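Student: Quick one, fold the following:
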Amino acid sequence: MKSVRVQKIRLGMIGGGKDAFIGGIHRIASRLDDQYTLVCGAFSSDSKKSKESGECLGLNSNRVYDSYKELFEKENTLPEDERMEVVSIVTPNYLHFEPAKLALQSGYDVILDKPITFSLEEAKELKAILETSGKSLMLTYTYTGYPMIKEARYLIAKGVLGEVRKIYVEYPQGWLSQSLEDDDNKQALWRTDPAKSGLAGAMGDIGTHAFNLVEYISGLQTTKICADINTVVKTRRLDDDGAVLLKFDNGASGVLIATQIAVGEENNIKIRVYGDKGSLVWQQEDANSLIVKLFDQPSQIYRAGASYNSNIANHNCRTPPGHPEGYLEAFANLYRNFALYLKSSEKERKDNPEITDFPGIEDGLRGMAFIESVIESGKSDKKWTIFKL
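Tutor: Modelled structure (predicted):
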């Protein structure tokens, strides 16, 4: 299903003010396919910063709010054809649930940064609210937006690799190898603070991305885990390193590594999937390539944008082969697919499954269950912990 030029969706934003990394990413993603227009926001808990952010973005000052509560109160009073239709929530983890809850109860669709909430209990409550609201929710597990990740999922579902036997996924970073939170680094401060981040540090921040990627690509679900969780930087209050053994519902096993103390590493998330007929490899440093290795055959390199790829992979490409598409485009794919979903009929969704292909509430629940199960396992002397949803 091709994107068409139609009335843009009116978008509001909570968080993501000036100097906030992820807010700018969300705004770029929302603009890339001309499906949204930003009309309002509460960009910071600091009223002055929120106003300054809105001014920098060229918004009407009357629609730049001091708090997310004021945003909902004021937007609800506007005529239906003027008020925002979707709200994007890009705040730290502890400020996900309440704004999302208010949004759904006020009749707005929600785009929410991961992990979905502060706890699994909150995620379950949000699911119940979503189900009675009649609205929709999209979660930004970014890496599922890459075209060759979608091709990998397609090939596995088609049976090209046979039955999946083993999965390795790793997400190495090095930015927290030093105690940046002690130097008042804004990103480090909240990500290493249990009151703002939640139970987990590295496992909540990047481990959830790796976990989501495993289940998305393979189509399998985790049933048991065995985790080794570490806090390497001595003054840190949350984990900054860990490894997890995984068991899946088809009997396959896996290994997940997430670390933020690997000096020199950036964000090269990488996944390898092994079946009884073949295997595949993808990594973010060469995101346009997917390596497929079939039994007793030469390796094949699938490239983004090529005509031999599946419809769902090419739906998420914008440029001809050889023109690199990356993180911003992957992020934008989630925004575009959600927009197309909101604008489509049930028949269109059935006929065009690519527009229903975005992370949602179930991905959020499983992500929170992963965090809580991993931390429980890391503290336990038992070899295996049941994955508890």
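Student: Where does the prediction get shaky in the protein?
Tutor: 1-6 (pLDDT under 70).
Student: Map the structural domains onto the sequence of it.
Tutor: In terms of domains, the chain is parsed into 9-139, 163-275+360-379 (source: automatic domain parsing).
Student: looking at those domains, which is closest to residue 305?
Tutor: Counting by C-beta to C-beta, residue 305 lies closest to domain 9-139 out of the domains of the chain; the figure is 16.1 Å. The way it works is simple: take the backbone N, C-alpha and C, and place the C-beta from them, glycine included.
Student: and that closest one, how far apart are its ends?
Tutor: For domain 9-139, the first-to-last residue distance is 17 Å (C-alpha to C-alpha, to the nearest Å).
Student: just how off-centre is it within its chain?
Tutor: Centroid displacement of domain 9-139 relative to its chain, using C-alpha atoms, centre = their mean, to the nearest Å, is 16 Å.
Student: And the helices in the stretch 1-150 of the chain?
Tutor: Using DSSP state H, counting those that start in this stretch, the helices of the stretch 1-150 of the chain run over 21-31, 47-56, 68-75, 97-105, 120-133, 147-158.
Student: of those helices, which approaches residue 386 most closely?
Tutor: Closest to residue 386 of these, according to C-beta to C-beta: helix 120-133, at 13.8 Å.
Student: Any buried residues in that closest one, and which?
Tutor: For helix 120-133, the neighbour count (16 or more other C-beta atoms under 10 Å) marks 120, 122-124, 126-127, 129-130, 133 as buried.
Student: do stretch 234-248 as well
Tutor: For stretch 234-248, by 16+ other C-beta under 10 Å, it's 236, 238-248.
Student: and the end-to-end length of it?
Tutor: Where stretch 234-248 starts and where it finishes are 34 Å apart, if you go by C-alpha to C-alpha.
Student: Buried residues of stretch 131-148, list them for me.
Tutor: So for stretch 131-148, counting by 16+ other C-beta under 10 Å, buried means 133, 135-148.
Student: Which one, of the helices of the stretch 1-150 of the chain, ends up nearest to residue 90?
Tutor: Nearest of those (C-beta to C-beta): helix 21-31, 5.1 Å.
Student: other SSEs contacting that closest one?
Tutor: strand 9-15, strand 36-42, strand 86-90, helix 327-343 (3 or more C-beta pairs under 8 Å, 6 or more residues apart in numbering; DSSP states H and E).
Student: what angle separates it from strand 36-42?
Tutor: Relative orientation of helix 21-31 versus strand 36-42 (axes from the mean of the first three to the mean of the last three C-alpha atoms, to 10 degrees): 150 degrees.
Student: Strands of this structure, residue ranges please.
Tutor: Assigned by DSSP state E, the strands in the chain fall at 9-15, 36-42, 86-90, 109-112, 137-139, 164-172, 222-230, 241-248, 253-259, 270-275, 278-283, 289-294, 300-303, 385-386.
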